[in-house]
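>>> What follows is a predicted protein model with its sequence.
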Number of protein chains: 8
Amino acid sequence: MATVLILMGSTSDWPTMQAAARMLEDFGVSWEARVVSAHRTPDLLAATMAEAEQGDTRVIIAGAGGAAHLPGMLAAFTCLPVFGVPVASKQLKGLDSLLSIVQMPKGVAVGTLAVGEAGAANAGLLAAQVIGTTDSQVQNKVREFRSKQREAVLANSKLELDS
Amino acid sequence: MATVLILMGSTSDWPTMQAAARMLEDFGVSWEARVVSAHRTPDLLAATMAEAEQGDTRVIIAGAGGAAHLPGMLAAFTCLPVFGVPVASKQLKGLDSLLSIVQMPKGVAVGTLAVGEAGAANAGLLAAQVIGTTDSQVQNKVREFRSKQREAVLANSKLELDS
Amino acid sequence: MATVLILMGSTSDWPTMQAAARMLEDFGVSWEARVVSAHRTPDLLAATMAEAEQGDTRVIIAGAGGAAHLPGMLAAFTCLPVFGVPVASKQLKGLDSLLSIVQMPKGVAVGTLAVGEAGAANAGLLAAQVIGTTDSQVQNKVREFRSKQREAVLANSKLELDS
Amino acid sequence: MATVLILMGSTSDWPTMQAAARMLEDFGVSWEARVVSAHRTPDLLAATMAEAEQGDTRVIIAGAGGAAHLPGMLAAFTCLPVFGVPVASKQLKGLDSLLSIVQMPKGVAVGTLAVGEAGAANAGLLAAQVIGTTDSQVQNKVREFRSKQREAVLANSKLELDS
Amino acid sequence: MATVLILMGSTSDWPTMQAAARMLEDFGVSWEARVVSAHRTPDLLAATMAEAEQGDTRVIIAGAGGAAHLPGMLAAFTCLPVFGVPVASKQLKGLDSLLSIVQMPKGVAVGTLAVGEAGAANAGLLAAQVIGTTDSQVQNKVREFRSKQREAVLANSKLELDS
Amino acid sequence: MATVLILMGSTSDWPTMQAAARMLEDFGVSWEARVVSAHRTPDLLAATMAEAEQGDTRVIIAGAGGAAHLPGMLAAFTCLPVFGVPVASKQLKGLDSLLSIVQMPKGVAVGTLAVGEAGAANAGLLAAQVIGTTDSQVQNKVREFRSKQREAVLANSKLELDS
Amino acid sequence: MATVLILMGSTSDWPTMQAAARMLEDFGVSWEARVVSAHRTPDLLAATMAEAEQGDTRVIIAGAGGAAHLPGMLAAFTCLPVFGVPVASKQLKGLDSLLSIVQMPKGVAVGTLAVGEAGAANAGLLAAQVIGTTDSQVQNKVREFRSKQREAVLANSKLELDS
Amino acid sequence: MATVLILMGSTSDWPTMQAAARMLEDFGVSWEARVVSAHRTPDLLAATMAEAEQGDTRVIIAGAGGAAHLPGMLAAFTCLPVFGVPVASKQLKGLDSLLSIVQMPKGVAVGTLAVGEAGAANAGLLAAQVIGTTDSQVQNKVREFRSKQREAVLANSKLELDS
């Protein structure tokens, strides 16, 4: 199984969650993405987490919107670290998704990222940072990414008024 | 098994959730209350719902706070109607609990009541109203309760300034 | 009269509320939809609820937006279970609708669903689940719907990056 | 009947709503206060408004908390101006009460005041200002009240550090 | 001067605030609309209110958005009743406008309507209701408006699924 | 007149606003504090600002709560920089105060600080920083304050578990 | 170095932040705008503030969105006054940006303006007002700007219904 | 250096943040806690992160309240995974802290936990889960903790009404 497992409640979350996969791709970390719905396929939660623990999976990334129960329920079934991505909901713009994911009770943890695509990308980055704590190749790629980010800012730092 | 099963994530929710039990008690509807945690005992969710469906249980009431996943996860495992009670959280005062319970995706439903004790009492009342649709004795007790409520207002409707 | 009565404050709510009717249609539960406005036709509230109680109506579904008083006022006039759907408002995106419907005082209950179309569909589903507690044919259809939902997830669970 | 009718959903709102009565008392405007619950005594709404219209009542003041339907439902039954006071709710601190009262749909209006006691006092003041548009005695008392308020500020405008 | 004076902070508020004027037009109540900015023309506030009090003006309607100070500041300069309309702001959707208008301190009152066009229309309606308390012709027109609203609902109350 | 003028809507704001005065006291910047109410003494706004501009006043600090109009209205009457402090309101905890102060329209600016005492202290600090841009003695005192803050952190940076 | 330094976290903030530059341009205050990211170029924060303090810079303006740390971190590295502009975020519409900027702890201050372009323009205006306290030429230009604003309102104050 | 470094902006955060340390203590993971303020000791951020990277530190936990910049700024200076804990603020109850920590832009990630003590405990748990991915002894202790939690629920799952 892949090092990072990316799960989401619906195929409609994939346009957002791809940002996590792309980030891992850039860092050379293997990933696999699947739809597992906390509400429509609740029986898959335990099995998927057991499969992840028995494979080489190190980190779970889970995205969901609205009453977003997937990240917390996956965390309930595994001892692997779970990172949650609040997908923006249509009406409440992801505030519901965010609170549903982040406000976990003491004893079961989800490390929550920002609402939407930035959060998905950062879930991939944070997973790579976790892998990087024991894999210097991945950590070096994270460092390079950081340097390039820095350089991109420096290269375009002067601003002039639009005419 | 009791006609209404009242579940909650923690014994600390019981002071709030008792209001549901007391309401059912008044209407002569049998109930049973248990702690089942979506996050700490996720393996009990399916079993508890299967047990409820095989017994005579007609309605599930579930209370939880914060990232309140219990009502929605129970709903995922049963075809019985599930009513959810957002228990007030310490910091965000139950807004997180409310959004986590009510904003369910299309296909799995939770009928959500008000935050806190009023919501718990109304979950019991709503369960009795459901039972009452096919049990005229319970429906009559609901009617009587309503009449008494009305009379209580009428009996104290005149107001004077505190001196 | 139909088994489920779907009421709403304005014809402009019908595009949202149709999702409840379609869900009931799928489960073979008879329904009727009408506009009854809490504010523009307040005199119809009591009469409509009396009519529903005297017919075979088992469940009331009510949708409204903004200062959404319809579900709670219908609940005040009937002992039938009432499910409320917060229709999204133009500016506050349904947060006002949600709070106006869900925060009912102790003694008059409204089981509230999610804001918008998902909530309307789930109101239909929840009504069918209530009917299903004493009608095995409807309950079986709910079970089938659930199975199909599960299969739809399983059939599309593998995800690949957009090129 | 009194010139201003002060209605509220529960005797528990009276400590807040008294501020409206006291304000009217100061301006020499006659008032009467009653409990009329939108949810527990919905049949009284129409009758109470009819009674008010047939008496000399000029303004309705209504206070309620949570899913606060009373002001809007009274407005639905009368052509008299209705002013609403959001009473602070236990958990959501009156944000629910405020949105439930103020977000009325086009065609039925409620002039809404601030959450809590300040809003209740101002409902009394605003009612007096309405009366004052055709009653110079009341308007003069409002003017005097304003002058006294102004003088109270002027008399205590210098501030020194607490030692 | 007109019976109702409609003021707003900017010409950009006029598309929203016209709804108040149209409502008054329908009721045969004379109105006049002007731009007076609390922040850009603060010196006009006192003068405009003095002019209104010396004319036959009975009610002030004021609309503003964002840090919406106009309604409250007008109220500070007059004993005429002031009704405030929160105009929707670009980013925070009028929640800022609403709180800036409605949360007035004890002693200076603004009767606040809903955010946006519905609120503007209702400000016109509420002003007419105030006039109507001493002008039976206007009150009758309000009654007729109400009847027509009711009939419009009744005429379109049956709903069918879109094919 | 003092270099910094601290104004507030009510003596009840003084316990919060004293933090601004104390901060200025520490930096050796002269200050004067007065109650000027936007709503109860609106006629004083223009006069007070004219007085400030004619004296040596360099910065205005204004605190207010709820529909907090004072900072913005002072800004409307002066070209001196105005810093606003949202005083916490009883029910909405200062969210109303914050939005009423910070969301000023283009063309009249208020530099807004945090809700409550921290914001009041920082208003004093920011005023001193403004003075400091042309007064090296004050700027040096700000620098010293910063150094002491830094040292206070360093002196207590090690933490051990409470037994 | 310019009198006012305008910094922002990303070139994508420039369309919003240009409003600050244009305002300063109008007042004849020299400005320079750069991208400095709190998160991507954290090592530049101290250096940029040191450079500003050693040059003739009098005021720092900083714009950022989401978890907007730039204004507060710049304030941590300088004794110059810092004004912060919350740039609107995609999902939460700048409420996150606003709270991240304004809620600074006691001891490090950021004068915060409104969300979005109005706030950016007002940051430029407030900076000019600060400069104007010791530069009568700039202060006079601010006064003129104010007069023109006033005249623009007066010139278009009469409103008529759209046909 | 310890395996997990717990940092916070103020000693006043320690009562909350101790829950992280206690959790790590239970799992046999070494930790060290220090006060490092983003705003009062900004120069320590880079140095502290460099020290952590050169030691054996695997995870950073950072707690802060209000405009909570510490977690994000630490993340800007390190490639180690950073977990953020929103400490409850006095007025806004930690909603400001939460949004300031979680809404990080793409490219710098903070895994955010719940507001307050539950979040602090879960930060310790999540750090242990990260360590546990390559340290079976720690992972086994996490598993045991989970089992005990489960048993604690089972041992107290029956509930009876308070007499």
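Sure thing, it's come through. Numbering: from 1, shown residues only, chains lettered A, B, ... in the order given.
>>> which secondary structure element contains the spatially most central residue of chain A?
Residue closest to the mean C-alpha point of chain A, counted by Cα atoms, centre = their mean, is A:Ala123 at 3.3 Å. Counting by DSSP states H and E, the secondary-structure element that holds A:Ala123 is helix A:117-132.
>>> if you look at that helix, does any of it touch chain G?
Yes - Helix A:117-132 lies in contact with chain G when judged by Cβ under 8 Å from any Cβ of the partner chain; the contacting residues are A:Ala118. Using the backbone N, CA and C atoms, a C-beta is placed for each residue, glycine as well.
>>> likewise stretch A:142-152?
Yes - using Cβ under 8 Å from any Cβ, stretch A:142-152 reaches chain G at A:146, A:149-150, A:152.
>>> Against A:Ala20, how distant is the closest residue to A:Asn122 other than its chain neighbours?
Excluding its sequence neighbours, the residue lying closest to A:Asn122 (Cβ to Cβ, 6 or more residues apart in numbering or on different chains) is H:Ala109, at 3.6 Å. The spacing between H:Ala109 and A:Ala20, counted by Cβ to Cβ, to the nearest Å, is 11 Å.
>>> any shared contact partners between those two?
A:Ala123 (Cβ atoms under 8 Å, 6 or more residues apart in numbering or on different chains).
>>> Distance of A:Ala123 relative to H:Leu99?
Relative to H:Leu99, A:Ala123 is positioned 18 Å away (criterion: Cβ to Cβ).
>>> What of A:Arg150?
From A:Arg150 across to H:Leu99, the span is 25 Å (Cβ to Cβ).
>>> and stretch A:58-71, average pLDDT?
For stretch A:58-71, mean pLDDT is 98.
>>> A helix includes A:Phe162, no?
Heads up, residue A:162 is Asp, not Phe. No - A:Asp162: not assigned to a helix; according to DSSP: H, G, I helix; E, B strand; the rest coil it is coil.
>>> Who are the contact partners of it?
For A:Asp162, the set of contacting residues under the criterion of Cβ under 8 Å, 6+ apart consists of G:15, G:18.
>>> And the pLDDT for it?
85.
>>> Tell me where chain A has helices.
Taking DSSP state H as the criterion, chain A contains helices spanning A:14-26, A:43-54, A:70-76, A:95-102, A:117-132, A:136-155.
>>> how close does the spatially most distant residue from the centre of chain A get to chain G?
No residue in chain A has its C-alpha farther from the mean C-alpha position than A:Ser163, which lies at 40.7 Å (Cα atoms, centre = their mean). Using Cβ to the nearest Cβ, to the nearest Å, one gets 11 Å for the distance from A:Ser163 to chain G.
>>> The helix holding A:Ala123 to helix A:14-26, inter-axis angle?
Relative orientation of helix A:117-132 with respect to helix A:14-26: 30 degrees, computed using axes from the mean of the first three to the mean of the last three Cα atoms, to 10 degrees.
>>> more neighbours, A:Arg150 and H:Leu99?
A direct count of neighbours by other Cβ atoms under 10 Å in any protein chain shown for A:Arg150 and H:Leu99 places H:Leu99 higher, at 30 against 18.
>>> Leaving out the residues flanking it, which one is nearest to that one?
If you skip the residues right next to it in sequence, H:Leu99 has G:Asp96 as its closest partner in space, 4.1 Å away by Cβ to Cβ, 6+ apart.
>>> so how many other residues sit close to A:Lys148?
Other residues lying near A:Lys148 total 12 when counted by other Cβ under 10 Å.
>>> now do the one 10 residues further on
Other residues near A:Lys158 number 10, with proximity taken as other Cβ under 10 Å.
>>> show me what contacts it?
When contacts are counted by Cβ under 8 Å, 6+ apart, A:Lys158 touches G:33-34.
>>> and the gap between it and chain H?
Taking Cβ to the nearest Cβ, one finds A:Lys158 at 21 Å from chain H.
>>> And that residue, how close does it get to chain F?
Distance of A:Lys158 to chain F, computed by Cβ to the nearest Cβ: 25 Å.
>>> can you check A:Leu113 too?
25 Å.
>>> I'd say that residue and H:Ala109 touch.
Yes - in this structure, A:Leu113 is within contact of H:Ala109 by Cβ atoms under 8 Å, at 6.3 Å.
>>> Could I get the pLDDT score of A:Met8?
The per-residue pLDDT reported for A:Met8 equals 97.
>>> whoops, A:Lys158 was the one
The model reports A:Lys158 with a pLDDT of 85.
>>> So what pairs up with it in the strands?
The bridge-partner assignment for A:Lys158, based on DSSP bridges, gives G:Arg34.
>>> next one: phi and psi at the residue in chain A that chain E sits nearest to?
When distances are taken as Cβ to the nearest Cβ, chain A reaches nearest to chain E at A:Lys93, 10.3 Å away. Per-residue torsions, A:Lys93: phi 60, psi 20 (degrees, to the nearest 10).
>>> isn't it right up against G:Gly94?
No - here A:Lys93 lies out of contact with G:Gly94, judged by Cβ under 8 Å, at a distance of 11.5 Å.
>>> more neighbours, these two?
Using other Cβ under 10 Å as the criterion, A:Lys93 and G:Gly94 rank with G:Gly94 on top: 25 against 19.
>>> Per-residue confidence, that one, what does it come out as?
We note a pLDDT of 94 for G:Gly94 in this prediction.
>>> Quick check: phi and psi at it.
With angles defined as degrees, to the nearest 10, G:Gly94 sits at phi 90, psi 0.
>>> per-residue confidence averaged over stretch A:33-47?
Mean pLDDT, taken over the full extent of stretch A:33-47, equals 96.
>>> tell me how far it is from the chain's mean position?
Offset of stretch A:33-47 from its chain centre (Cα atoms, centre = their mean, to the nearest Å): 16 Å.
>>> could you list every residue that touches A:Gly84?
When contacts are counted by Cβ under 8 Å, 6+ apart, A:Gly84 is found next to A:61-64, A:68, A:70-72, A:101-102, A:110-113, A:123.
>>> meant to ask about A:Gln137
With contact set as Cβ under 8 Å, 6+ apart, A:Gln137 has these partners: A:Gly28.
>>> before we move on, what about A:Thr48?
A:Thr48 neighbours (Cβ under 8 Å, 6+ apart): A:5, A:7, A:34, A:36, A:74, A:77.
>>> In chain A, which residue sits closest to chain F?
Taking Cβ to the nearest Cβ, chain A has A:Leu95 as its residue nearest chain F, at 14.4 Å.
>>> Is that residue in contact with B:Leu98, as I believe?
No - checked against Cβ under 8 Å, the pair A:Leu95 and B:Leu98 is beyond contact range at 11.5 Å.
>>> Between these two, point out the one with more neighbours.
A direct count of neighbours by other Cβ under 10 Å for A:Leu95 and B:Leu98 places B:Leu98 higher, at 35 against 25.
>>> What are the neighbouring residues in contact with the residue nearest to that one when sequence neighbours are not counted?
Using Cβ to Cβ, 6+ apart and skipping residues adjacent in sequence, the residue nearest B:Leu98 is B:Pro86, 4.2 Å away. Taking Cβ under 8 Å, 6+ apart as the criterion, B:Pro86 is in contact with B:63-65, B:68, B:94, B:97-98, B:100-102, B:112-116, B:119.
>>> do A:Gln54 as well
Taking Cβ under 8 Å, 6+ apart, one finds A:Met1 in contact with A:Gln54.
>>> and what of A:Glu32?
Contact partners of A:Glu32, counting by Cβ under 8 Å, 6+ apart, are A:1-2, A:4-6.
>>> A:Phe83 now?
So, once contact is read as Cβ under 8 Å, 6+ apart, A:Phe83 ends up touching A:59-62, A:71, A:110-113, A:123, A:126-127, H:111.
>>> Quick one: name the residues of chain A near chain H.
A:19, A:58-59, A:79-81, A:83, A:98, A:102-115, A:117-118, A:121-123, A:125-126, A:129-130, A:132-134, A:139, A:142-143, A:145-146, A:149.
>>> The residue nearest to H:Leu99 - how many residues pack around it?
With neighbours defined by other Cβ under 10 Å, the count for G:Asp96 comes to 28.
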